[in-house]
Each structure stands twice: as structure tokens, then as C-alpha cells.
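> No letters, just coordinates:
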Ligand code: PGA
């Protein structure tokens, strides 16, 4: 019903030559993904986007890892939506927990970026997730509720099919400490319920919700077997072609 989506997040990894080498090696993987009706892609550093997109064309999704809410102006170090569109990039991660932690990205700021992307017919991959402290205090759901409600504020129902949500508990990112599939499913189904409360069942049945946090070829299948988990956002295991392919073959 909902098409599976596997999105790599390279974070601050891969020089341009390394990114080009990776992109050139993806043809067989993207053919296999297409044949099996799985959407697959990578979120690259800005510097790699143009070259990677040119090589993979439409075969893989190519996403940025952030974007400015503003179209142009005196914002040193930022990259705008028109700049991404000029190189045919139409997906962006928004609100990754590393940006929330190190760059003071709030759900309000994420909301402005999500609205700007949707106004430009682009796809936001909106990340949410709680800290270990919040998890241990048993406050995950109230924390996630605030992130979802604030992040989606003002998003029209007709734009929701383009929105992807990624649940990534911060305590499981890059730590090798996975959330169990039961925890991941509990929160992903809770997010679907929040979307249902905001938009009704047509939208909530359609929206894709990913799990992220130490997903590897050897554990991806257990997550994707859960009914509300439609794919994965993968950091470390998206960096080598072997692992990237392994993520796909493990779920086929
Ligand atoms: P990880 O990162 O797979 O290395 O844990 C996931 C992410 O932060 O998107």
C-alpha cells in the first residue's frame, strides 16, 4: 500500500570524488529497487548534490540534509530552495536531531522550512525523536507530539502525501544501541495516530513514516516488518555500496 523508502544520510561524510564513486556504483542497486517497488535514495552534503544527481538521474532520490527557509539574502553559509531546485534536488531532510542539538534548530524553524519546501512542490523528510533522558523519564510521546504538531503547523492536507516523517530516537543514532522493533513500532504508530487526529484517515494511511537509529542490513528487516514502519533513514550503513545494497536485499 505505502511504498517502502530507504534513505541514506551521509551526514558530513564523502568528499566529491568519494561521492561520485559511490553514485557511479548505484545502477544495479537502483534497478533492483525499482524492480521491487522500493524507493531508495541518499541525502548528501551540499557539495556532492550536483554531481550525484547528474549521475543517478531519476533512479535514486537525492536529498539535501538541510535547507534555508529564505529564498535569498544575507544569510552567510546557507543554501536556498531555489539553489536546490536549480540542480533538480527536490527532497530535503529537515530537523535532524544533530541539527537540533548543534544548530539550535527548533520545531518552529523546521515548520517554516517544511512550509517553504511544500510551497515549492518539494518533499521534506521531517525528523523527530527524543533524548535518552526523555525516554527514561517515560515522556517520549508528549515530546514527539510537540515536535509533530509544531512541525506540521499550517501544512495543508493536500500537501501531506508529499511529507515523510522519520522517527529517530537520539539515543539510538550512531550508538549501535537500537530501539527495539516494539518501541519503534509503538512510536511510529503513535505518530500515525497524531497525523490521523490532525488530518483524518485518508492522509494518515498514506503518509510514510521511517525509523532511524543504528539501522543495518542485519536488522532492517525486523523494523520494516512492523505495520507502521514504512522504511528507514540510515546513517552509518549508507556509506558503503555493500551496506547500501545490503539494506535493500535484506528486505526483499
Ligand atoms: P545511524 O544514523 O544509522 O548512523 O544511527 C541515522 C541518522 O542519524 O539518520
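Alright, I've got the coordinates. Since the model is a prediction, treat every value here as computed from it, not as a measurement.

> interface residues of the stretch 51-200 of the chain facing the ligand?
Proximity of the stretch 51-200 of the chain to the ligand is confined to 168, 173-174 under the rule CB under 6 Å from any ligand atom. Yep, even glycine has a C-beta here, placed from its N, CA and C like the rest.

> at 5 Å what do you get?
173-174 (CB under 5 Å from any ligand atom).

> ok, which stretches of the stretch 51-200 of the chain are helices?
With DSSP state H, counting those that start in this stretch as the criterion, the stretch 51-200 of the chain has helices at 81-86, 97-102, 107-119, 132-136, 140-151, 181-199.

> Make TSV from those and add mean neighbour count to it.
What follows is these, written out as TSV (neighbours: other CB atoms under 10 Å):
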stretch	mean neighbour count
helix 81-86	16
helix 97-102	16
helix 107-119	20
helix 132-136	14
helix 140-151	18
helix 181-199	18
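
> what sits against residue 143?
By CB atoms under 8 Å, 6 or more residues apart in numbering, the residues touching residue 143 are 130, 134.

> Point me to the residue of the stretch 101-250 of the chain nearest the ligand.
residue 235 (2.4 Å; CB to the nearest ligand atom).

> burial count for the nearest residue to that residue once chain neighbours are set aside?
Spatial nearest neighbour of residue 235, excluding adjacent residues (CB to CB, 6 or more residues apart in numbering): residue 9 at 5.0 Å. Neighbour count for residue 9, taken as other CB atoms under 10 Å: 26.

> can I assume residue 9 is in contact with residue 97?
No. Judged on CB atoms under 8 Å, residue 9 makes no contact with residue 97 at a distance of 11.1 Å.

> if we can go back for a sec, give me the neighbour count for the residue of the stretch 101-250 of the chain closest to the ligand.
21.

> Same question for the one 5 residues further on.
For residue 240, the tally of surrounding residues (other CB under 10 Å) stands at 12.

> Could I get the pLDDT score of it?
Note for residue 240: predicted pLDDT of 98.

> One more: the one 5 residues further on?
Here, the pLDDT recorded for residue 245 equals 98.

> Quick one: classify it as helix, strand or coil.
helix (DSSP: H, G, I helix; E, B strand; the rest coil).

> bridging residues for the one residue in the stretch 1-150 of the chain that gets nearest to the ligand?
In the stretch 1-150 of the chain, the residue that lies nearest the ligand is residue 9 (4.1 Å; CB to the nearest ligand atom). Applying DSSP bridges to residue 9 gives these bridge partners: residue 43.

> before we move on, the earlier item: any chance of CSV for the helices of the stretch 51-200 of the chain, columns distance to residue 58 and mean pLDDT?
CSV is the format used below for these (distance: least, CB to CB, whole Å; pLDDT from 0 to 100):
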stretch, distance to residue 58, mean pLDDT
helix 81-86, 15, 98
helix 97-102, 27, 96
helix 107-119, 19, 98
helix 132-136, 39, 94
helix 140-151, 28, 98
helix 181-199, 28, 98
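
> Would you mind saying which of those helices lies nearest residue 17?
helix 81-86 (22.0 Å; CB to CB).

> Packing partners of the closest one?
Packing partners of helix 81-86 (3 or more CB pairs under 8 Å, 6 or more residues apart in numbering; DSSP states H and E): none among the helices and strands.

> i'd like the first residue to be 660 from this point on
I'll keep to 660 as the first residue from here, and by that count the last item is helix 740-745.

> distance between that helix and the chain's centre?
Distance of helix 740-745 from the chain centroid (CA atoms, centre = their mean, to the nearest Å) equals 19 Å.
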